[in-house]
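Novice: Okay, sequence plus prediction incoming.
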Amino acid sequence: MIRKTLPPIPPHPSKEQMENSKKRQEACLTKGKSSTNSPMSYAQATNAAASILKIKEAFPALPNKKILEIHDVVFPKPGNKGRRIQHTTRGPFRKQAIIPTSDNIKDIIMGEANAYIFQINMLLKSIKSMTRAEFIHPCSGSVSINMNSVPNTSNLNTIERYLKSINSAGNDEVLAPWLPQSKSYLKITSIPYIQPNGKKLTGDDITTTMKNLELFEPVNLTAKPRVIKASPKSDMAIIWFDIWDSQNDSKAKLLINHSFNFGKYIATIRATNMNPRVPQYHNCWKWGYSTFSYHAHGSRCQKCNDPHKLEHHRDLAWCCKVNFKLNPPRLETAKGEPCPHNFKCINCKGEHMADDNKCPFWKHRFNREWHSKKAQEARETRANSTHLAIGSIKI
């Protein structure tokens, strides 16, 4: 009779064995995390083995470790590829509807914004939608209606029909609403800066060419293309343009690395790192953050920097009021006449208003390094002024 016996119980590992096993596991995990190269294919492994054998035949006296070091120097492993160009933004806040309008319709809407919000919400309620409009704010060439949720197509159509009924607004004065989208940043190269007619290349020239090409039919520009010289002494231009896109850059992929004819030249479209413009506060008119992140209680005038809006400058500004205490006395500006006084820009101290496109800050709005340098210089100037003021105090 065969007696069935249980297999022997394996001995409990010692403390040293457990520590060594733990070290091996940590080493494997660290090696796996730090390794960035993909595993070699069969062909790559065969070629590597053949090259190692050739080195061994040439230097038979060398140890194996040294031969592997020589192989790694002669045949380096492929490293990481270059960093992928981030040319598409994630997109702005989507709980809003942007409606392109004429300046006349925009002024009418903003003049009675509360009434329009009420009427829009009543219409949205009538179609049994849970989406509601919260407030309206003006944008460049459009108005934006912030909602409590992302509006759908039915909501957008309802808003469009209502706004087109304002004072019999035509199709050209109120266009179809659309939701905010991501932006893709692209550039065009290999185009001369000076055209055959002797004139400099402009953004309008690029826009006209794009409208006549089938390649650009699926895309919409966010603004007019910007033309700059490739370098100060170069005769070639680089055209920077931005398009509305999805977060997976589906429309940018239709353009990147494609070429087209620009006159007798062949231009090429390339992706470029996203470089959103430096925002300017429309409340204090300084640069570096958006209007909605400004937490002051009121706005400032872009002409005199006093706490009032530009449209109220003539009524509230001190420069147009009489003051007989001055030497010579200041007389009151006649009613109905514009303010004749000149003020300096609060940013560059130039002879223009803070929102003028002649300002160097506006011209460098896409250059964040330039703005950062100017901000650092302003901080240092304020610090030096503070130290001088403290040092002049007599105790």
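Specialist: Received it, and whenever you're ready, just let me know what you need.

Novice: hmm, who's touching the helix or strand harbouring Asp242?
Specialist: Using DSSP states H and E, Asp242 sits within strand 236-245. Outside strand 236-245, the residues within contact range by C-beta atoms under 8 Å, 6 or more residues apart in numbering are 88, 181-193, 201, 203, 206, 219-223, 225-230, 251-252, 255, 272, 366. Bear in mind the C-beta positions are built from the backbone N, C-alpha and C, glycine included.

Novice: Below-threshold pLDDT in this protein: ranges please.
Specialist: Within the chain, the stretches with pLDDT under 70 are 1-14, 25-42, 76-84, 89-92, 167-172, 275-276, 289-297, 387, 389, 391-395.

Novice: Of all the residues in the longest helix along it, which ones are buried?
Specialist: Criterion DSSP state H: the longest helix present in the chain is helix 368-391. For helix 368-391, the neighbour count (16 or more other C-beta atoms under 10 Å) marks 371, 374 as buried.

Novice: Contacts for that helix, please.
Specialist: So helix 368-391 is contacted by 275, 278, 287-288, 361, 364-365 (C-beta under 8 Å, 6+ apart).

Novice: Now restrict these to buried residues only.
Specialist: 278, 287, 361, 364-365.

Novice: Just put those residues in a markdown table and tack on distance to Ala50 and secondary structure.
Specialist: Formatted as a markdown table, these follow (distance: C-beta to C-beta, whole Å; DSSP: H, G, I helix; E, B strand; the rest coil):
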| residue | distance to Ala50 | secondary structure |
| --- | --- | --- |
| Val278 | 56 | coil |
| Trp287 | 61 | strand |
| Phe361 | 62 | helix |
| His364 | 57 | coil |
| Arg365 | 58 | coil |
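
Novice: which pair in the residues you listed spans the largest distance?
Specialist: Using C-beta to C-beta, the buried ones among the contacts of helix 368-391 span at most 9.2 Å, a distance reached by Trp287 and His364.

Novice: Show me the common contact partners of these two, please.
Specialist: Both Trp287 and His364 are contacted by 278, 371, under the criterion C-beta under 8 Å, 6+ apart.

Novice: the strands in the stretch 101-250 of the chain, which residues?
Specialist: 133-139, 142-147, 182-192, 226-229, 236-245 (DSSP state E, counting those that start in this stretch).

Novice: got it, and the stretch 251-395 of the chain?
Specialist: 259-262, 265-271.

Novice: Centre of the chain to the last one, how far?
Specialist: Right, the one you point to is strand 265-271. Distance of strand 265-271 from its chain centroid, counting by C-alpha atoms, centre = their mean, to the nearest Å, is 22 Å.

Novice: Ok, stretch 234-251 next?
Specialist: For stretch 234-251 - counting by C-alpha atoms, centre = their mean - the centre lies 12 Å from the chain centre.

Novice: Span of it from start to end?
Specialist: Stretch 234-251 has an end-to-end distance of 31 Å (C-alpha to C-alpha, to the nearest Å).

Novice: Contacts for stretch 298-316 next, please.
Specialist: Contacts for stretch 298-316 (C-beta under 8 Å, 6+ apart): 282-285, 317-320, 333, 338-339, 343, 346, 353-355.

Novice: Just among these, which is most surrounded?
Specialist: Neighbour counts for the contacts of stretch 298-316 peak at Ala354, which has 28 neighbours (criterion: other C-beta atoms under 10 Å).

Novice: what about the closest residue in space to Pro196 that isn't next to it in sequence, how many neighbours?
Specialist: Nearest residue to Pro196, sequence neighbours excluded (C-beta to C-beta, 6 or more residues apart in numbering): Gly263, at 7.0 Å. Neighbours of Gly263 under the rule other C-beta under 10 Å: 12.

Novice: so what's the backbone phi/psi at Gly263?
Specialist: Note on Gly263: its backbone torsions stand at phi 70, psi -130 [degrees, to the nearest 10].

Novice: That one reaches Ser190, doesn't it?
Specialist: No - judged on C-beta atoms under 8 Å, Gly263 makes no contact with Ser190 at a distance of 11.5 Å.

Novice: now the helices for the stretch 251-395 of the chain?
Specialist: Ranges of helices within the stretch 251-395 of the chain are 313-316, 360-363, 368-391, based on DSSP state H, counting those that start in this stretch.

Novice: how about those in a markdown table, adding distance to Val150?
Specialist: Formatted as a markdown table, the helices of the stretch 251-395 of the chain follow (distance: least, C-beta to C-beta, whole Å):
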| stretch | distance to Val150 |
| --- | --- |
| helix 313-316 | 39 |
| helix 360-363 | 33 |
| helix 368-391 | 30 |
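
Novice: ok, the residue nearest to Phe324 when sequence neighbours are not counted - contacts?
Specialist: Nearest non-adjacent residue to Phe324, counting by C-beta to C-beta, 6+ apart: Arg330, 8.0 Å away. Taking C-beta under 8 Å, 6+ apart, we find Arg330 in contact with 319, 321-324.

Novice: Can you say which of those are buried?
Specialist: Cys319.

Novice: does Ala45 belong to a helix or a strand, and which?
Specialist: helix 42-58.

Novice: Give me the distance from that helix to the chain's centre.
Specialist: Counting by C-alpha atoms, centre = their mean, helix 42-58 comes out at 49 Å from the chain centroid.

Novice: Can you name the next helix or strand after that helix?
Specialist: For helix 42-58, the following helix or strand on the C-terminal side (DSSP H and E) is helix 64-74.

Novice: For stretch 345-365, measure first residue to last.
Specialist: OK, stretch 345-365 end separation, C-alpha to C-alpha: 16 Å.

Novice: got a list of contacts for it?
Specialist: Under C-beta under 8 Å, 6+ apart, the answer for stretch 345-365 is 277-278, 280, 285-287, 302-303, 305, 342-344, 370-371, 374.

Novice: mind running it again at 6 Å?
Specialist: Applying C-beta atoms under 6 Å, 6 or more residues apart in numbering, the contact partners of stretch 345-365 are 277-278, 285, 287, 302-303, 305, 370.
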